[in-house]
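> Please find the sequence and the predicted model below.
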Amino acid sequence: METWTLIISAAALVISLYTYFAHDRKLKQQERLINSYQLKQLQEEEQANKKADIRAEISQNTKGPRTLRIWNNGRAVARNIRVEGLDVEGLIVMNDEIFPYEIMNPQDDAELKLYLTIGCPPKLTLKLIWDDESGQNNVTTKVITL
């Protein structure tokens, strides 16, 4: 009888140890996955903090000039902002001497007045170029309906 008690106790101990180590291994695997996910998120956030995002839109006034608004929608400071594509026939751009724009902080903007004349195309393709902490000569292209 004592032998059976000893065998049952040993079996219970072996099963308990196996369950503990199997469960511990699964927990450590999950912890590694969570840590790698968090590390990836931190790296992506760090990259996003180095990027500026220059955008453009045009306001449709019923009369008079249209206003082209260019702003930094990113998290980093944009430098040396250039706008290409404003030199089309039938479009008169006022105060375009502000470009290249030296520094644009996040959420800052600049505005240009646009006058449309006969022969102006219905759409304008703008190429926005800027430098930021993530790199030089970042480019985005925007098609704007006039």
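Here it is on my side, so go on.

> going forward, measure contacts between C-alpha atoms and count neighbours the same way
Will do.

> what's the distance between residue 94 and residue 131?
24 Å (CA to CA, to the nearest Å).

> Please identify which of the two sits among more neighbours.
residue 131 (20 against 14; other CA atoms under 10 Å).

> Secondary structure of residue 22: a strand, I assume?
No. Secondary structure assignment places residue 22 outside any strand; it is helix (DSSP: H, G, I helix; E, B strand; the rest coil).

> And the residue most central in space within the chain, its phi and psi?
The chain has residue 48 as the residue nearest its centroid, 5.5 Å off, counting by CA atoms, centre = their mean. Per-residue torsions, residue 48: phi -60, psi -30 (degrees, to the nearest 10).

> dump the residue contacts of it.
By CA atoms under 8 Å, 6 or more residues apart in numbering, the contact list for residue 48 reads 74, 75.

> again, only using 10 Å
42, 74, 75, 76, 134 (CA atoms under 10 Å, 6 or more residues apart in numbering).

> got it, and residue 134?
Contacts of residue 134 by CA under 10 Å, 6+ apart are 47, 48, 49, 50, 51, 52, 76.

> Now restrict those to buried residues only.
Buried members of these, counted by 16 or more other CA atoms under 10 Å: 50, 51, 52, 76.

> And the residue nearest to the last one when sequence neighbours are not counted, what's its pLDDT?
Right, the one you point to is residue 76. Distance criterion CA to CA, 6 or more residues apart in numbering; nearest residue to residue 76, sequence neighbours excluded, is residue 52 at 4.8 Å. Looking at residue 52, its pLDDT reads 94.

> Give me the secondary structure label for residue 131.
Per three-state DSSP, residue 131 ends up strand.

> Which of the buried ones among the contacts of residue 134 sits closest to residue 67?
residue 52 (22.1 Å; CA to CA).

> for the closest one, helix, strand, or coil?
From three-state DSSP, the assignment for residue 52 is coil.

> Which elements pack onto the worst-scoring helix or strand of the chain on mean pLDDT?
The least trusted helix or strand in the chain, going by mean pLDDT, DSSP states H and E, turns out to be strand 91-94, with a mean of 86. Secondary structure elements in contact with strand 91-94, counted by 3 or more CA pairs under 10 Å, 6 or more residues apart in numbering; DSSP states H and E, are strand 66-72, strand 109-116.

> Pull up the pairing partners for the next helix or strand after the first one, direction included.
In this case it means strand 66-72. Per DSSP states H and E, the first helix or strand lying C-terminal to strand 66-72 is strand 78-84. Using DSSP bridges, the strands paired with strand 78-84 are strand 101-104 (antiparallel), strand 123-132 (antiparallel).
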